[in-house]
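Enquirer: Whatever this is, show me its structure:
(one chain, ligands or ions: 2)
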Amino acid sequence: MNSTVVSCPGKVLIAGGYLVLSPQHQGFVVSTPSRFYTVVQPVPGSSETSADRFSITVKSPQFTDGQWEYVARKDEQGEWTVDEVKKEGHGSNSFIHLAIGSTLLLSSALSPSTIYSSLLITIVGSNDFYSQSREDNDPIPFAPLGVEIKNVHKTGLGSSAAMVSSLTSALLLHWDSRSSLQADEPEPTVLSASQPRPALFPKPARLEVPDKDTLSLIHNLAQYVHSLAQGKVGSGFDVSAAVYGSHVYRRFAVECLGNLLSTESNEKVTGQSLLKTLSPPHNPLWTTNPTSALVSPFGLPPGVILILADVDAGSNTPSMVGKVLAWKKAQPEEAKQVWDSLKQSNSDLAESFRVLSTRASEDADAYEKEVQKLSATTSDEWSSSSAHFATAAKHILTTRSLMRKMGEASGVPIEPPEQTKLLDACSAIPGVIGAGVPGAGGYDAIWVLALAPSVSSDVAAPEVAVEKLLRSYTEMSVRPLSRRAWVQGGRKMVETGLLREELEAVEGLRRAVGGL
Ligand SMILES: Nc1ncnc2c1ncn2[C@@H]1O[C@H](COP(=O)(O)OP(=O)(O)O)[C@@H](O)[C@H]1O
Ligand SMILES: C[C@@](O)(CCOP(=O)(O)OP(=O)(O)O)CC(=O)O
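Expert: Numbering: from 1, shown residues only. Ligands and ions are numbered 1, 2, ... in the order given. The predicted structure follows:
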């Protein structure tokens, strides 16, 4: 049987950090070209193994300790459990363990007739999820990092969310295709009522995106696994971006997960309990207001590029979140004012992107000419004739100043002075619309939004000047991610989320998988 490959993108929360934790507010998240790939392969000759037991080997070849072994067993009640087979020199990986266990339970409840057999799973992330060696400017795809997973330096694109989303969906898809191969009469399932159920994902790869209900189920499963493995429920924008791509995100309510995460509940999580809680047709909390998540279109307009850079100082998101929420509780009036203003400036920024996209589609030539013209001057020189780009630039500055205000009020370095200096330096480059700290802010990363004229002009592309500044900056350790990781404006939402892939079509993936 063929391998199954699913990829999910990384994320950059351009606006809405902290606010997005509350269902009254939104986050504006852009997904990145950097992706996590999960390749699920049957182990040759293993289909003869017992129907109640099979093994799963997971490899993460980018890490020196990236191999984990699991055994799945079915008990007398027909419930599957997955145990790790401990190996010396290899730590546990709760994200992977929980993803496999939960997906197997859900799959067996969805399609009780599925026959499981041993699997080899390979997981790799695009190089830009991790800081690369400074000596090698052009590493091979999915380059080995030569370190243990716990020691890797991450760049903030959300490795665990993209990994969990690609692993859970690849497994669900793989097992789903087995059920449709094996069962002459597919069992009626929740998703299909009494209709024979089509495979969850349509066949050939890269493939059509799964239907809406299936994507929701995958999203809900990945949110559950990610929260369980992290030991907390964040806003979930990172998992949502891994599944849906760039969008405006309003969070789902924790109640959607029922008591699945409850540490007090003695009830064992079963396949049926997962299905009943995670499947949208079964659990209306996922689809009805005010508990459902909302995903609406959002993206960068054409003619722009989002340059991403890793800052090597590191901040601790959970403690920053704790402090901001403590301030919000202690100073509710002041906090409400700041949050309301941020809500406004964030949605103004998104609206200015929408207006630019509309202009581009109405008159592509005039739009491109404007992009060319503005590339030669700095955003504070953009006159009212360039109103749309000037407006976007203004909203970025307003959002930044409000985030700084929130940081000062709560004692959290959301945009610390060192970052302000760097962002201002980037923003002063001709053709740069603006810059910011993504997500929770801190010392982790920055983004810079620049115009990207499509035909070469007399003017050097703004991105070249930004890259030069970042590479030569000495006041902080900052390093642009590779150009491959930067986000081009104008991409369709459907290309930016979860994708089913062909193994051979992804550069370097066959080599990374090796062996079989
Ligand atoms: N390539 C990979 N293979 C296996 N597990 C990975 C990989 N990359 C990340 N992970 C998992 O994600 C965890 C990191 O999660 P976290 O610290 O939340 O980082 P992030 O903010 O990037 O999501 C790792 O400890 C590991 O369990
Ligand atoms: C504060 C937040 O709203 C945004 C954090 O965004 P980041 O992109 O900074 O996240 P990490 O990759 O987990 O550090 C918390 C949340 O939404 O869960």
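
Enquirer: and the residue in the stretch 301-450 of the chain that ligand 1 sits nearest to, how far is that from ligand 2?
Expert: Going by C-beta to the nearest ligand atom, ligand 1 is nearest to Thr317 of the stretch 301-450 of the chain, at 7.6 Å. The way it works is simple: take the backbone N, C-alpha and C, and place the C-beta from them, glycine included. To ligand 2, Thr317 is 4 Å away according to C-beta to the nearest ligand atom, to the nearest Å.

Enquirer: Look up the closest residue to that residue, ignoring the ones flanking it.
Expert: Distance criterion C-beta to C-beta, 6 or more residues apart in numbering; nearest residue to Thr317, sequence neighbours excluded, is Ala440 at 4.6 Å.

Enquirer: one step back: and the residue of the stretch 301-450 of the chain closest to ligand 1, what does it touch?
Expert: If you count contacts by C-beta atoms under 8 Å, 6 or more residues apart in numbering, Thr317 has them with Gly439, Ala440, Gly442.

Enquirer: Tell me the one among those nearest to ligand 2.
Expert: Gly439 (2.4 Å).

Enquirer: mind checking the SS state of that closest one?
Expert: What DSSP: H, G, I helix; E, B strand; the rest coil gives for Gly439 is coil.

Enquirer: Wait, it touches Leu13, no?
Expert: Yes - assessed by C-beta atoms under 8 Å, Gly439 is found in contact with Leu13 at 4.2 Å.

Enquirer: who has more neighbours, the two?
Expert: Gly439 (29 against 26; other C-beta atoms under 10 Å).

Enquirer: just to revisit the earlier point, roughly how far does the residue nearest to Thr317 sit from Ile414?
Expert: Ala440 sits at a distance of 7 Å from Ile414 (criterion: C-beta to C-beta, to the nearest Å).

Enquirer: before we move on, back to that, hey, what's in contact with both of Gly439 and Leu13?
Expert: Joint contacts of Gly439 and Leu13 (C-beta under 8 Å, 6+ apart) do not exist.

Enquirer: Next, the buried residues of the lowest-mean-pLDDT helix or strand in the chain.
Expert: One helix or strand of the chain scores below all others by mean pLDDT, DSSP states H and E: helix 159-182, with a mean of 87. The neighbour-count check on helix 159-182 (16 or more other C-beta atoms under 10 Å) flags 159-180 as buried.

Enquirer: That helix near ligand 2 anywhere?
Expert: No - using C-beta under 6 Å from any ligand atom, helix 159-182 never reaches ligand 2; the gap is at least 7.9 Å.

Enquirer: Check stretch 215-232 too.
Expert: No - using C-beta under 6 Å from any ligand atom, we find that stretch 215-232 stays clear of ligand 2, coming within 8.6 Å at best.

Enquirer: Tabulate the CA atom coordinates of that stretch in PDB.
Expert: Output of stretch 215-232 as PDB, limited to C-alpha atoms (Å, rounded to 0.1, in the frame of the first residue of the first chain):
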ATOM      1  CA  LEU A 215     -11.300  19.400   8.300                       C
ATOM      2  CA  SER A 216     -13.200  20.300  11.400                       C
ATOM      3  CA  LEU A 217     -12.800  16.900  12.800                       C
ATOM      4  CA  ILE A 218      -9.100  17.000  12.100                       C
ATOM      5  CA  HIS A 219      -8.900  20.500  13.600                       C
ATOM      6  CA  ASN A 220     -10.700  19.400  16.800                       C
ATOM      7  CA  LEU A 221      -8.600  16.400  17.200                       C
ATOM      8  CA  ALA A 222      -5.300  18.300  16.700                       C
ATOM      9  CA  GLN A 223      -6.500  21.000  19.200                       C
ATOM     10  CA  TYR A 224      -7.300  18.300  21.700                       C
ATOM     11  CA  VAL A 225      -3.900  16.500  21.300                       C
ATOM     12  CA  HIS A 226      -2.000  19.700  21.300                       C
ATOM     13  CA  SER A 227      -3.700  21.000  24.500                       C
ATOM     14  CA  LEU A 228      -3.200  17.700  26.200                       C
ATOM     15  CA  ALA A 229       0.500  17.500  25.300                       C
ATOM     16  CA  GLN A 230       1.100  21.200  26.300                       C
ATOM     17  CA  GLY A 231      -0.800  20.700  29.500                       C
ATOM     18  CA  LYS A 232      -2.800  23.900  28.800                       C
END
